[in-house]
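Student: this is the structure alone, sequence omitted:
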């Protein structure tokens, strides 16, 4: 019986005219999508006097387009008077950052020590990866150059760092992107803090963490107890500050496995639960680990970024549902205190949040913290809700 020969697929190099054609078609596709969104938003904007919260639900039902997407179109049209200007700027950014240069000939190259090796960043000793660079000279007093927003919007910082986010790209005065350890340093993580994951995953963990200096500041100011659990724990930035104050995290939860592994590597005595919090039974967890002095955490709430733009009931917005899980755990454990961290835009929902926790018997303090005011290296603003348990009377009411 004859054996079938395996077909060997050869990689065919596309001709230059074909590469240019693909880029042109991608631009047409991009323009069509953007113009469509802008047109939808502009038409809704024209009827803004007749638009109510329920109108977005009705439009979504009748068109089959998600309510979030419709509202994004509306916001888009409000922000830009001319869609052409947005398309031009955005397309230049996409070509620069994402698409291959159609004019660049694909030939063999010799690695150059000055240009190619400059792009390497260290994973660890003798291990490197390619990163962003910028071919431009800067003054020696430059602290950081933010190139996140593309070549037409380079931002220079001399006195402090901008907010570290998982999507940011910072380079030094030599035009070389920060290493992962440098990003962690800006976020005030100790040098010996261990991170687990791919480069992008570790960068996400760093950007989403509570800065340990901010953690130490807010916990010192308000939290008395020692024993706690943490929800939406991430890699453990909040707990770095807590442990420094002698507090002990006995249990934590996060949905991301890499984040959980990072937490466990640094705090091995904590029970780390990797799971969707919505699948967790708070009563079973309470029975297992017992009472705690306080609960802390920062529920991810994408909908908060739109706060103030539209009077939505944030608890009915699915993107904010994780906030209700934080409330659920507080209601079950009834700790003497809790502390909840989030982005600045959550302040627009302050009254609703205070009412939710007052129903559970807590007095609420709200504080907005700017990192530069407490000795941090970066201008990072965050809002904290601190709950203190009221005294419960015999009739079930709170004093």
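Tutor: Yep, that arrived. None of the values given here were measured: they were computed from a predicted structure. Residues are numbered from 1 along each chain as shown.
Student: how far away is the most centrally placed residue in the chain from residue 168?
Tutor: Closest residue to the average C-alpha location of the chain: residue 208 at 4.8 Å, with Cα atoms, centre = their mean. Residue 208 sits 12 Å away from residue 168, going by Cβ to Cβ, to the nearest Å. (C-beta placed from N, C-alpha, C; glycine too.)
Student: what's the pLDDT at residue 372?
Tutor: Residue 372 is assigned 96 on the pLDDT scale.
Student: whoops, residue 88 was the one
Tutor: For residue 88, pLDDT reads 74.
Student: same question, the one 3 residues further on
Tutor: In this prediction, residue 91 carries a pLDDT score of 70.
Student: helices along the protein, start to end?
Tutor: 16-46, 53-63, 67-79, 83-97, 180-186, 199-208, 212-222, 237-244, 257-266, 282-289, 321-333, 350-359 (DSSP state H).
Student: nearest to residue 371, of those?
Tutor: helix 212-222 (6.1 Å; Cβ to Cβ).
Student: pretty sure residue 146 contacts residue 163?
Tutor: No. With contacts counted by Cβ atoms under 8 Å, residue 146 stays clear of residue 163, the gap being 9.6 Å.
Student: okay, and the common contacts of the two?
Tutor: Common neighbours of residue 146 and residue 163 are not found (criterion: Cβ atoms under 8 Å, 6 or more residues apart in numbering).
Student: am I right that the residue nearest to the centre of the chain is in contact with residue 166?
Tutor: Yes. With contacts counted by Cβ under 8 Å, residue 208 reaches residue 166, the gap being 6.0 Å.
Student: quick one, domains of this protein?
Tutor: Split into domains by automatic domain parsing, the chain comes to 16-97, 117-178, 205-389.
Student: in CSV, list those domains along with distance to residue 189.
Tutor: Below are the domains of the chain laid out as CSV (distance: least, Cβ to Cβ, whole Å):
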stretch, distance to residue 189
domain 16-97, 27
domain 117-178, 10
domain 205-389, 6
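Student: in this structure residue 360 contacts residue 328, no?
Tutor: No. In this structure residue 360 lies outside contact range of residue 328 using Cβ under 8 Å: 10.1 Å.
Student: I'd like to know how many residues surround residue 235.
Tutor: Neighbour count for residue 235, taken as other Cβ atoms under 10 Å: 32.
Student: just give the nearest non-adjacent residue to residue 189, would you?
Tutor: Distances taken as Cβ to Cβ, 6 or more residues apart in numbering place residue 212 nearest to residue 189, at 6.4 Å, with adjacent residues excluded.
Student: state the distance from the one you found to residue 372.
Tutor: 16 Å.
Student: ok, these two, which is more surrounded?
Tutor: Neighbours were counted for residue 212 and for residue 372 using other Cβ under 10 Å; residue 212 has more, 23 against 15.
Student: hmm, the more buried one is touching residue 186, no?
Tutor: No. Using Cβ under 8 Å, residue 212 is not in contact with residue 186; the gap is 11.8 Å.
Student: thinking again about what came up before, out of the helices of the chain, which one sits most buried?
Tutor: Among these, ranked by average contacts under mean count of other Cβ atoms under 10 Å, first place goes to helix 237-244 (a mean of 23).
Student: any idea how far that one is from the chain center?
Tutor: In terms of Cα atoms, centre = their mean, to the nearest Å, the centre of helix 237-244 is found 19 Å from the chain centre.
Student: counting by contacts, list what it packs against.
Tutor: helix 212-222, strand 227-231, strand 248-254, strand 294-297 (3 or more Cβ pairs under 8 Å, 6 or more residues apart in numbering; DSSP states H and E).
Student: low-scoring stretches of this structure, by residue?
Tutor: Residue ranges of the chain with pLDDT under 70: 1-14, 53, 89, 92-121, 123-124, 302-320, 392-399.
Student: what about 90?
Tutor: 1-140, 148-153, 165-167, 173-176, 197-199, 300-322, 345-346, 348-349, 391-399 (pLDDT under 90).
Student: ramachandran coordinates for the closest residue to residue 134 other than its chain neighbours?
Tutor: Sequence neighbours aside, residue 175 is the residue nearest to residue 134 in space, at 4.3 Å (criterion: Cβ to Cβ, 6+ apart). Dihedral pair for residue 175: phi 90, psi 10, per degrees, to the nearest 10.
Student: residues touching residue 175, list them.
Tutor: 118, 133, 134, 135, 136, 137, 138, 145.
Student: now residue 365
Tutor: Residues in contact with residue 365 (Cβ under 8 Å, 6+ apart) are 222, 385, 386, 388.
Student: ok, 6 Å please
Tutor: residue 386 (Cβ atoms under 6 Å, 6 or more residues apart in numbering).
Student: bridging residues for it?
Tutor: Taking DSSP bridges as the rule, residue 365 bridges to residue 386.
Student: so how far is residue 384 from it?
Tutor: Distance, residue 365 to residue 384, by Cβ to Cβ: 8 Å.
Student: for residue 173, same thing?
Tutor: Applying Cβ to Cβ, the value for residue 173 to residue 384 is 34 Å.
Student: neighbour count winner among these two?
Tutor: residue 384 (24 against 16).
Student: can you list contacts of stretch 26-44?
Tutor: So stretch 26-44 is in contact with 73, 74, 76, 77, 83, 87, 91, going by Cβ under 6 Å, 6+ apart.
Student: tally of neighbours for residue 299?
Tutor: A count of neighbours around residue 299, defined by other Cβ under 10 Å, yields 20.
Student: how about residue 342?
Tutor: Considering only other Cβ under 10 Å, residue 342 is surrounded by 21 other residues.
Student: tell me what it is bridged to.
Tutor: Applying DSSP bridges to residue 342 gives these bridge partners: residue 383.
Student: how far away is the residue nearest to residue 299 when sequence neighbours are not counted from residue 196?
Tutor: Among residues not flanking residue 299 along the chain, residue 322 sits closest, at 4.1 Å (Cβ to Cβ, 6+ apart). According to Cβ to Cβ, residue 322 stands 23 Å off from residue 196.
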